Structures are given as C-alpha cells and as structure tokens.
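[1] Compute the structure for the input listed below.
(2 chains)
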Amino acid sequence: MLPDRSPSGGAAVASAHARGLSRDHGVEAELVTLDALDEARGPYDVAIATWWETVPALWQLDAARRALLFQSFEQRFYDRDAPLEQVSAETTLALPLDYIAVSHWLRDALLLLRPDARCHVVQPGIDKGVFTWTEQPARDGPLEVLIEGQPTLAFKGVREAMAAVRAMREPVRTTLVALDPDAAADAQVDRLVGGLDAASMAELYRQSDVMLKLSRVEGLGLAPLEGFHCGLPCVVAPFTGHQEYVRHGENGIVVGFDDVEGTAGWLDALARDRELLGTLSGGARRTAEGWPSQDASTRLLHEALVEIADGPPPAVDEQLLMRTLALGTTLGRARLTRRQVATEHALTRAEALVRELSDSRDECAERLEESKAELERIRSTRAYRLGAAVKRATTPRGRG
Amino acid sequence: MSLAIELLAESADAELAGAPGTSGDGPVVALGDVSSDGSRPLVRWLDRPTRPDDGESKLVIAPAGEGLWRRAPWPAADALFDLQAAGGGAAPPAPALLVGAERGLREAVAARAAECGVALQQAERLDAATLGSAGCIVMAESPGGALPARAFAVLAAGRLLITPRLETTFGLEDGLDHLEFAAPDEAVDAVRAFAAAPDTFGRVVSWARLKAEQQRASVVYARLAEDLRLQRLVAGG
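    Residues are numbered from 1 along each chain as shown, chains lettered A, B, ... in the order given. As a prediction, this is how the structure comes out:
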C-alpha cells in the first residue's frame, strides 16, 4: 500500500521488493495506492502499509494479516506545529500489526517502546550490478563533495551541509543531488542535479571524492551505502541509522550535529590528505561487500512474510496506545494552547491598533470640524472681509 | 581501557561528562573553566559561549561562540546510562529540579511555579547526585541559543529534560526526546503534567536515552582522540 505514485526512497524500496517477490518467489505482489483502493483485487494473505497515512487503508482490504514496512518513526517528519500528524503517525506503533523494519536500530527502538512487538528486520538491498566500483585515476584538484538530500526538507540537513562547505579553506567543488531539483534552485552549490536513474547515480558517486550527509532523521539512509559500493566514503552526522554501516575513521567520518566548524575542518583535512581519503574509500568498499544485495534482501522479506502469514494475528498494544494518546494530547494541547494564546495576543493587539486608528480618525474629524469652525469664524470677521475685498479689487482679471 | 587523552575536570563535572580511562598520558582535554595548573590543554571544552580572552588552548569546543574548533555540548558519562529512568513503573515519584546559568530566567520560572503551587526545587549546580534524585530537570539556559552543555547528562540519566526554545539542538527534537518552553508558564505546565503522570512521558525518556548514545562519553572521547590523531594534531598522527 503506497500513498501515491510519486517517487521517494521509501516507495522505491517497496517497489523493488514487490518486483522481486513476483519474479523470484512466486508471490502475487500488487502495489496499491490510496487513490485506487477499489482496484485492489484481494483477498490477500498479507497487506503491508509503507507510510502512516496508508495504515488505515489496510482495514479496507480483505487481508488475513496486516503489517507495516517500518522505514522510519514518521512522527519525526513533523515539527512542533503539527501535533495532530505527530500523534497520528505515532499511534501506528501500537496497532495490531506485524512490523518489518529496514534497520536494526528501528527494531530496537520499537522494542523499547513496545517490548512485545513482533518485528522482523529486512535491510534494503543494493543493486550490486549497478552500484559498482571501478578504479579511478588519482585526482588532485578541488575536493569533489557530493551532498545528497532535498533542501526543502529541513531534517535532511542540506543547508547545514552547504554551510559547512562554505566554511572550508581548501579548494572544493560541490554537487547537490536532490529528489526535486526545481525546488532546490536557490541551493548554493556548483552543480545541482536530480531525477537521476540508478546508473546515473552510480556514475555521480564515482565522480565524487566524498559524500556529505548531515541528515537529522533517517530510517537507514541508503545513499551513503550506494556510495560505499562505488568506493565513495562519507562524512555524516550521527543520524539514526548511520550506526548500521558507518565506522568512524574506517569508511567515513562522523561529525556532530550543528557542528559547522568541525565538519568544515574534516572536509579540509580530507582535501589535504588524499591518502586518508583513499583509506576510507577502501573501508567503504569492504563494508559494501558485506551488505545484502537486492535479491538477498527480498529473500529475507519473503521469509518474514511467510512467517507472518503462518503466525497468529498480532494484537493491539492498548497500554502503548493509551500512553501515546495521553502524551499526544498533553503536548498537542500545550502547542495548540500556545498557538491560541499567540493568536489571541495578535488579535488583541490588532484590536488595540484598530481602536487606536479609530480614535485617531475621530480625533482628526474633531480637529477638522474645529478647523472649519475656526475658518468660518475668521471669514466672518470684519478684518477678513475687508482684506478679501481689497484683494479682489487689486487682483487683475484674466482675459477670455 | 585507556582512551589516550587526559581529562581535566572538576569532580561534579567529571561525574556528568567524564569517562573512565581518561587519566592517561595523552593530550590534555580541559572541561569547562577548570584550572589547568599552568599547563596548556590542547583542547578546552567550554560549557558556555567563547569569550575573547579564551586564548589559552589551541582547540576550543563549546556549544556556541566564535573561533571554535568544534561546536558541541558536553558528553554524557557512561555511568548515567545505568540509572533507573524516571517515570519507570516501580520508581517513586521524584521531584522536579530547576537549574541553569541564566539567573533571570531561572527566577522567572521559579516564581511562576510558586504562584501555581508547582513543586520545583532549585539547585545552583547540577551534579550526579542531584540529577539522580530528580525526575525532571528544567535547565534555564541556552548559551547562544544552543542546548546547554550538560543537557546530554540529563538525557542519559533518563530524566525528562525541559529547556528554553533552542536554535541549536545538536540533533535533539522538541517533543520527541525533550520539551522546550517559550515562556515560564509553559515550563511550569510541563513540570505539572510530568508530576501528574510520569508514565505518560516514558516515550520521551526512552528517546532521550537513545539520542544520548551519540554523546556517550566513552564513544566521544575515543573519537576525539582518533580525530586528533587522524587530523595530525598530536604526535604520531
């Protein structure tokens, strides 16, 4: 179950699995979108959601089991001003679902919150025929930094990455690869690319010296892994998921969040020390060797689905659901109250301004009336009338 | 295990941000404004924004300021991760604690709490004992708009962290792993809500600990030592 057909990393993972399940495992796998629910054929052995908004639709399908391809804690995509989306996304963790997490940390974090959750781990595979390493001639020029992410999504940390590059002292050339490059037109980079297929992405990785990814939220973060397969090391913030494959000083560098100076310092160090860059590249390739292929990953998913289909139906976690709703209500109410207070404050201020303007207008009208009365009084004086008569008499009349 | 650095810190700060094995012969890292007895630490890790007279060390780390080598809050001592988290089922209700270097803000929060009848103990300084005895901690400071240096110790200890609105969060997310307030009223509301139902905040505390892992002292100091070596800032690099 996909929200729609628009491209995204999460949809790509689901689509690749669906193709592999059909091709290699004799599974009749269908991709259904929310706007085409009536096209779903069913009945299904397992119906799988991939985004919190698709979860309710699972109950509109004729399915024996329901599961979530768990790619992120999706409440983290929303900031404090979206408390309703936050709580809705979070409640999916308490529902009667089996979970298929794309990383071990997601499973571990879910079990912290819901110890009885049934959660399989199926790390997304990499297409090993496309993302390949080829020996590149040594480069001496500016450090080629590849920034991956959509700048319009603040949690992708693209602005921070660009700031770090700007703070560098060594020569550098930056490329930003974004899902929607049109929406990233103001990015301060040397080159902006987007809409690339897998082969073009692999080529881009091979042309670069280092990937810079300062995301704050990821379920796993596939781009650095694809880069590893092409021999591209990374400089990353310690986003959730990085711990599954980044080893500091071995295949990449882990910098702190919001640490522009430290990140720039590391990029400068890599620009100066190509030997270290080469060591990290070797480490990246070794990590890639141990990462599952797309086929191996889908095989694991198939095993998980068989287990889910054969197992008993999952239960709802009522306690977690209650706690989630209670916390969401507490935080949401505080935020809505805060906004209401701010709105009321703004309204009160606006009303005061209107009153002030109104008073000012009334005062102006009063003054105008007073001025008119004063003018009339002046006009009615003998001195004024005499002066006006003298002026009329001495002013030459125009012709025609 | 030796972490190949020597850490200089006052005892209260070492309890919050130190790590075992940091008393070796490696490069000296001085925490806060601790005296270095005339020696010149290679790294000075401040808990406040830098000042023009902070010229003693070659490499300065701080949550905010100019001329930094790194921008970061303090690490969280490993031992804090072993404390029983606040809001756990069997734990007795623990008091709320108010600390922070911004005296005006601290007094405003304390005054508002008193007006509302919300219990909020004040402490001049945070140490492991006061941290361990509290359930939630209001940190009335945000140096240069950043997360306070000692914040990760609170998260690691599994306590609910309440801070002013932050511009620089060092990876934390308001509402997920800590709570932010825009005015003293909001801080007091959060304390009251926690006191009424600490279990409700179990998810925040769980995420707090999870996020604190990035600042686990043994990891951070080992990485710092490795960075000094890889960036050739110490002999043998």
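[2] CA only for contacts and neighbour counts going forward, please
    Fine.
[3] Could you check how far residue A:115 is from residue B:207?
    Distance, residue A:115 to residue B:207, using Cα to Cα, to the nearest Å: 15 Å.
[4] between the two, who's got more neighbours?
    Taking neighbours as other Cα atoms under 10 Å in any protein chain shown, residue A:115 and residue B:207 compare with residue B:207 leading, 21 against 11.
[5] hang on, the more buried one in a helix?
    Yes. Under DSSP: H, G, I helix; E, B strand; the rest coil, residue B:207 falls within a helix.
[6] check contacts around it.
    B:176-177 (Cα atoms under 8 Å, 6 or more residues apart in numbering or on different chains).
[7] For chain B, which residues are neighbours of chain A?
    B:68-72, B:168-171, B:173-176, B:186, B:193, B:199-201, B:203, B:206, B:210, B:214, B:223, B:226, B:230-231 (Cα under 8 Å from any Cα of the partner chain).
[8] Which of the residues you listed fall in helices?
    Among the residues of chain B next to chain A, the subset assigned to helices under DSSP state H consists of B:186, B:193, B:203, B:206, B:210, B:223, B:226, B:230.
[9] Contact partners for the fourth one?
    It refers to residue B:206. Listed by Cα under 8 Å, 6+ apart, the contact set of residue B:206 reads A:112-113, B:158, B:177.
[10] Quickly note the distance from residue A:97 to residue A:45.
    Distance from residue A:97 to residue A:45, by Cα to Cα: 13 Å.
[11] what touches both of the two?
    residue A:65.
[12] So for these two, which residue has more residues nearby?
    Between residue A:97 and residue A:45, counted using other Cα under 10 Å, the more crowded position is residue A:97 (26 against 16).
[13] so who does the more buried one touch?
    Per Cα under 8 Å, 6+ apart, neighbours of residue A:97: A:65-68, A:314-316.
[14] Are any of these buried, and if so which?
    Buried members of the contacts of residue A:97, scored by 16 or more other Cα atoms under 10 Å in any protein chain shown, are A:65-68, A:314.
[15] So which of the residues you listed is the closest to chain B?
    Set against chain B, the nearest of the buried ones among the contacts of residue A:97 by Cα to the nearest Cα is residue A:68 (20.3 Å).
[16] That closest one and residue A:50 touch, don't they?
    Yes. Applying Cα atoms under 8 Å, one finds residue A:68 in contact with residue A:50, separated by 5.9 Å.
[17] The strand or helix carrying residue A:86 and chain B in contact?
    Per DSSP states H and E: residue A:86 is located in helix A:83-91. No. Against chain B, helix A:83-91 shows no contacts by Cα under 8 Å from any Cα, the least distance being 9.3 Å.
[18] Who are the packing partners of that helix?
    Applying 3 or more Cα pairs under 8 Å, 6 or more residues apart in numbering or on different chains; DSSP states H and E, one finds that helix A:83-91 contacts helix A:318-379.
[19] residue ranges for the strands of chain A, please.
    Assigned strands in chain A, in chain order: A:44-49, A:63-70, A:98-101, A:119-121, A:143-148, A:172-178, A:191-194, A:210-213, A:234-236, A:252-254 (criterion: DSSP state E).
[20] so what's residue B:163 up against?
    B:138-142, B:147, B:178-181, B:187.
[21] Name the residues that touch stretch B:139-146?
    B:48-49, B:63-65, B:98-103, B:105-106, B:147-148, B:151, B:161-169.
[22] and the end-to-end length of that stretch?
    12 Å.
[23] Counting neighbours, what do you get for residue A:35?
    11.
[24] so it sits right up against residue A:4, yeah?
    Yes. Look at residue A:35 against residue A:4 with Cα under 8 Å: they come within range, at 7.2 Å.
[25] So what's the residue count around the residue nearest to residue A:121 when sequence neighbours are not counted?
    In this structure, residue A:121 finds its nearest non-sequential neighbour in residue A:101, 4.8 Å apart by Cα to Cα, 6 or more residues apart in numbering or on different chains. Residues near residue A:101, counting by other Cα under 10 Å, number 24.
[26] Check whether residue A:101 really touches residue A:110, as I assumed.
    No. Using Cα under 8 Å, residue A:101 makes no contact with residue A:110, being 9.3 Å away.
[27] anything in contact with each of those two?
    Common neighbours of residue A:101 and residue A:110 (Cα under 8 Å, 6+ apart) do not exist.
[28] ok, now which ones touch residue B:174?
    Contacts of residue B:174 by Cα under 8 Å, 6+ apart are A:79-80, B:180.
[29] Just the pLDDT at it, thanks.
    On the pLDDT scale, residue B:174 is placed at 95.
[30] Next, work out how far apart it and residue A:52 are.
    Relative to residue A:52, and taking Cα to Cα, residue B:174 is found at 21 Å.
[31] go on, residue B:97?
    37 Å.
[32] list the contacts for the closest residue to residue B:109 other than its chain neighbours?
    Among residues not flanking residue B:109 along the chain, residue B:184 sits closest, at 4.7 Å (Cα to Cα, 6+ apart). Going by Cα under 8 Å, 6+ apart, residue B:184 touches B:105, B:108-109, B:112.
[33] Just want the most central residue of the chain.
    Here I'm looking at chain A. residue A:153 (3.8 Å; Cα atoms, centre = their mean).
[34] To clarify, I was referring to chain B.
    residue B:150 (1.5 Å).
[35] Domain parsing of chain B, as residue ranges.
    Domains of chain B are assigned by automatic domain parsing as B:6-75+B:216-230, B:78-214.
[36] And the strands in chain B, which stretches?
    B:6-8, B:28-31, B:43-45, B:59-62, B:70-71, B:96-99, B:121-122, B:136-139, B:160-164, B:179-181.
[37] closest one to residue A:369 among these?
    Nearest to residue A:369 among those is strand B:179-181 (52.1 Å), distances taken as Cα to Cα.
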